[in-house]
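1. Okay, here's the prediction I keep looking at, along with the sequence it came from:
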Amino acid sequence: MAAITSSSTVAAAPAGRSLWADAWRRLRRNTMAVASAGFVLFVVVVCVVGPWLASAIAGLDSTSQDVAYGARGPTWQHWLGTDPLGRDMMVRVMLGGRLALAVALVATAVALVLGVGWGAVAGYVGGRVDDVMMRIVDVLYGFPVVVFIIVVMSVIGTHSLVVLFALIGAVSWMTMARIVRGQIMSLRHQEFVEAARALGAGPGRIIVRHLLPNSLGPIIVYATLSLPYVMLTEAFLSFLGLGVQAPQASWGTLVAEGAEKMVVYPWLLIGPGLLMAATIFALNFLGDGLRDALDPQTRRT
Amino acid sequence: MIRLIVGRVLMGVVVLWAVATVAFFALHAAPGGPFDDERAVPPEVMRNIEERYHLDQPIFTQYLHYLGDVVRLDFGHSMKRQQTVAEIIRHHAPYSAKLGLFALAIAISLGVLLGVLAAHRQNRLADHAAMTVSLIGISVPSFVMGPLLVMIFALGLFWLPPARIEGFTSYILPATTLGLIYMGTIARLTRSGMLETLRQDYIRTARAKGVSERGVVWRHGLRLGLLPVVTYLGPATAGLISGSFVIEKIFQVPGLGYSFVASITDRDYPVLTGVLVFYAAFLTALNLVVDIVYGVLDPRIRDRR
C-alpha cells in the first residue's frame, strides 16, 4: 500500500507513480475489463434513458395493452417482441433494468456501511471482541441468507421495495467485513498509525481518517463485486414471487414469466434472461479486473 | 482437536436455539394468521382450532411448549396439510438431498478439474478459458440457465425429461443447473489455492526427490490447495439449499425447498419453523464435519489447538 495522503493524489498523479495511476494503467491494459465497463455503462444509459426515448419516438410504454395483438416475436416496432397482453417487452426489460440497478446501488450501499463498520471495529479492537464478531460472521456465512430475507419479508408483511433492497444489503456484508478486518489488522500496527495515536487521535479518528483510506482499494473491489451478487439475490426473490410485485417488473419476474411460457413464446425468456446474464457477467469481469488492478496481492477467490 | 469439536458442538447448540427462538417470535409477531379466511368462521370452531394449536395460551407458555417439542424433535402438525411436520420432512427431504448431493458432486468434480487445469497453465489459454467458463457459471442465474438447458436438451434434442422426477435421468438437468454456480466458485478457489500451494517449499522438495508431475499436482499439491474449497463447502451447501427453492420450482421436484416456500405463502408456522430448524441443524452438523476434515487435511491446524 503506497501512501495515500489525500484525494488530491488522484488528480495530480505524478507520471504513473501513485497507486491510483498505477491501478488505472493496469486496468486499461485489461481489454476484457474495459469492454465490461463499457457494456455496463451502455446498459445503465439504455435503462435510464431508454424508456423516455421509446415513448417519445415510438410511442411505446410498459403498460398499454393490445390483447388482440398478443404475444409476437421481435419486429421493427417491438424489438424484443411483446408479451401475451401485447405490452412491449423492450420497455419492460428496460424498466426492469432500472429496478435492478436501483437494488444494486441501494443494497450495496447498505452492505458497504455494515461490512466496513463491522470489519473495522473487529479488526481494530481485536482480541475477544474480534473473536466473537468474526464467529458471528462465520455463522451467518454458513446460513442460507435468502431464507432469512424470505422470513423477514413475510413477517413484516410488506412488499415495499425499499425494505426489500435494505434487507438484501443487510445479508450481503459478510465478505466485506472479512476483507476490511484483514486490511485493518495488517495496518493498525504500522508507524503512521502509531504516529497518529501519539498525536492524540482517538480510535474513531484513526479508523476513519487513517485506516479506511488506506484500505480503499479492496473496499472498491468488493463493493463492485457485490453489485452482481445483490442483483442476483433480487432476481432470485422476485422469481419466487417474493420480491418485486406486479405491475412492476424486474428482471427476475420477467424471467419467471418467460420461463413459464418459453415453449410457445421463447423471446419472453431470451430477451430479459440474456441481458441480465450479460450484465452480471460484465460486472463480475469488471470486479475481477479492478481487483487485479487495485489489489494485486489479494488472492483471486 | 477434541476441545475444538466440543466447542463447536456447543456453539452449534446455541445457534440452533437462537434460530428456533427468533423464528418463533418473529412469526408470531407477523400480521395475519394461518386461519384467517375470507369466510367468517364460527367462534366455537375457531376456539377448537386455537386450543388444538395452543394458540389460546400466553405467548411465553406457547414458547416453552414449542421449545420442549423442538428438543424432542417434534414439530407438531402442519396447519394446512393433514400431515405432521416430521412426515413432510421425511417425505420431501430425500428429493432435495439427492438433488443437492448430485449437484455438489458435479460442482466439486468439474470445479476442481477446471481449477487445477487453470493453475497448472497459469496465464495461458487453458487458464483463461477455464476461468471464463467458471465466471459464466457464476453469472448466469439458475433460473435463466435452467429453462435454457430445458429448451436445448429436453425440448430441442429430446435427450432428457424436462421436469418432474421419474428415475435417475430426471435429476441430470436440475442438478447440473444447481451445480454450475458452485462449480464456478470452486474452480476459482481451487485455482488460487493451487497457485499458492505450488509455490511452497515442500512442493519443490517433492519435485527434487523425483515425484512425477502428476503426483506433485494431484497428490501433494491438491491436499493443501483444496483447503479453501473445503472451507467453502459450508457456505456452498447453504447456497444449495436456497438454490433448491428455485430449481425445485422450475423442474417441479417435490423437494423440501418447495414445501418451505409453500409454507411461507400459507403462513403454516409449524412447517416453516420445523423446516427452518431442520436446515439449521443440518448446516451446523455439516460445518462441524467440515472443521474436522479441515483438521485432518492440514496438520498445522490440528496441532495448534
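-> Sure, I can see it.
2. Just the element for A:Q248, please.
-> Under DSSP states H and E, no helix or strand contains A:Q248.
3. Could I get the contacting residues of the residue lying closest to it once chain neighbours are set aside?
-> Spatial nearest neighbour of A:Q248, chain neighbours left out: A:L99 (7.0 Å); criterion: Cβ to Cβ, 6 or more residues apart in numbering or on different chains. In short, each C-beta sits where N, CA and C put it, glycine included. With contacts defined as Cβ atoms under 8 Å, 6 or more residues apart in numbering or on different chains, A:L99 is in contact with A:161, A:234, A:244, A:248-251.
4. A:L99 sits in which helix or strand?
-> Going by DSSP H and E, A:L99 is in helix A:89-125.
5. Could you check how far that helix is from the centre of its chain?
-> Relative to its parent chain, helix A:89-125 has a centroid offset of 5 Å by Cα atoms, centre = their mean, to the nearest Å.
6. next one: stretch B:75-85
-> Stretch B:75-85 sits 24 Å away from the centroid of its parent chain (Cα atoms, centre = their mean).
7. cool, stretch A:143-160 as well?
-> Averaged C-alpha coordinates place stretch A:143-160 at 20 Å from its chain's average position (Cα atoms, centre = their mean).
8. Any chance you could list what contacts that stretch?
-> For stretch A:143-160, the surrounding residues in contact (Cβ under 8 Å, 6+ apart) are A:163-164, A:167-168, A:171-172, A:233, A:236-237, A:240, A:242, A:244-245, B:23, B:26-27, B:29-32, B:238-239, B:241-242, B:245, B:260-261, B:264-265, B:267, B:272, B:276, B:279-280, B:283.
9. Alongside chain B, which residues does the stretch 101-250 of chain A contribute?
-> When proximity is defined as Cβ under 8 Å from any Cβ of the partner chain, the stretch 101-250 of chain A approaches chain B at A:135, A:139, A:141-147, A:150-152, A:154-157, A:228, A:232, A:235-236, A:239-242.
10. Inside strands: which ones of those?
-> Judged by DSSP state E, those include no members of strands.
11. From the residues you listed, list the buried ones, please.
-> When these are checked for burial by 16 or more other Cβ atoms under 10 Å in any protein chain shown, the buried set is A:139, A:141-147, A:150-152, A:154-155, A:228, A:232, A:235-236, A:239-240, A:242.
12. Where does the prediction get shaky in the chain?
-> No chain in the question, so chain A it is. Scanning chain A for pLDDT under 70 picks out A:1-17, A:56, A:58-60, A:62-73, A:76-80, A:85-86, A:142, A:157-159, A:246, A:295-301.
13. oops, I was thinking of chain B
-> Looking at chain B by pLDDT under 70, you get B:1, B:29-40, B:52-56, B:158, B:163-167, B:298-305.
14. quick one, domains of it?
-> B:2-71, B:92-267 (automatic domain parsing).
15. Could you export those domains to TSV, including columns for mean neighbour count and distance to A:V116?
-> Output for the domains of chain B, formatted as TSV (neighbours: other Cβ atoms under 10 Å in any protein chain shown; distance: least, Cβ to Cβ, whole Å):
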stretch	mean neighbour count	distance to A:V116
domain B:2-71	14	25
domain B:92-267	20	21
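16. how about the ones you listed in CSV, adding distance to chain A?
-> Output for the domains of chain B, formatted as CSV (distance: least, Cβ to the nearest Cβ, whole Å):
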stretch, distance to chain A
domain B:2-71, 4
domain B:92-267, 4
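17. For A:A293, which of those domains is the nearest?
-> The closest of those to A:A293 is domain B:92-267. By Cβ to Cβ, the value is 15.8 Å.
18. need the helices for chain B, in chain order.
-> In chain B, the helices defined using DSSP state H lie at B:2-29, B:43-52, B:59-71, B:85-120, B:125-139, B:142-149, B:169-197, B:201-208, B:213-215, B:222-225, B:227-251, B:256-266, B:269-297, B:299-304.
19. Next: the stretch 201-301 of chain A.
-> For the stretch 201-301 of chain A, the helices defined by DSSP state H, counting those that start in this stretch cover A:203-205, A:212-214, A:216-239, A:251-260, A:267-294.
20. so which of the ones you listed is the most packed in?
-> Neighbour counts (mean count of other Cβ atoms under 10 Å in any protein chain shown) averaged over each of the helices of the stretch 201-301 of chain A peak at helix A:251-260, with a mean of 25.
21. That one and chain B in contact?
-> Yes - on the criterion Cβ under 8 Å from any Cβ, helix A:251-260 is in touch with chain B at A:252, A:255-256, A:258-259.
22. Kindly provide the distance from B:D201 to B:G221.
-> 13 Å (Cβ to Cβ, to the nearest Å).
23. so what's the most centrally placed residue in chain B up against?
-> Taking Cα atoms, centre = their mean, the centroid of chain B lies closest to B:T237, which sits 2.9 Å from it. For B:T237, the contacting residues are A:142, B:100, B:104, B:283, B:286, by Cβ under 8 Å, 6+ apart.
24. With distance to B:V217 added, can I get those residues in a markdown table?
-> Converted to a markdown table, the contacts of B:T237 look like this (distance: Cβ to Cβ, whole Å):
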| residue | distance to B:V217 |
| --- | --- |
| A:G142 | 30 |
| B:G100 | 29 |
| B:L104 | 23 |
| B:L283 | 32 |
| B:L286 | 28 |
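25. how far away is the nearest residue to A:F165 once chain neighbours are set aside from chain B?
-> Excluding the flanking residues, the one nearest A:F165 by Cβ to Cβ, 6+ apart is A:V106, at 4.1 Å. Distance from A:V106 to chain B, counting by Cβ to the nearest Cβ, to the nearest Å: 20 Å.
26. so A:V106 sits right up against A:A170, yeah?
-> No - taking contacts as Cβ atoms under 8 Å, A:V106 lies outside contact range of A:A170: 11.1 Å.
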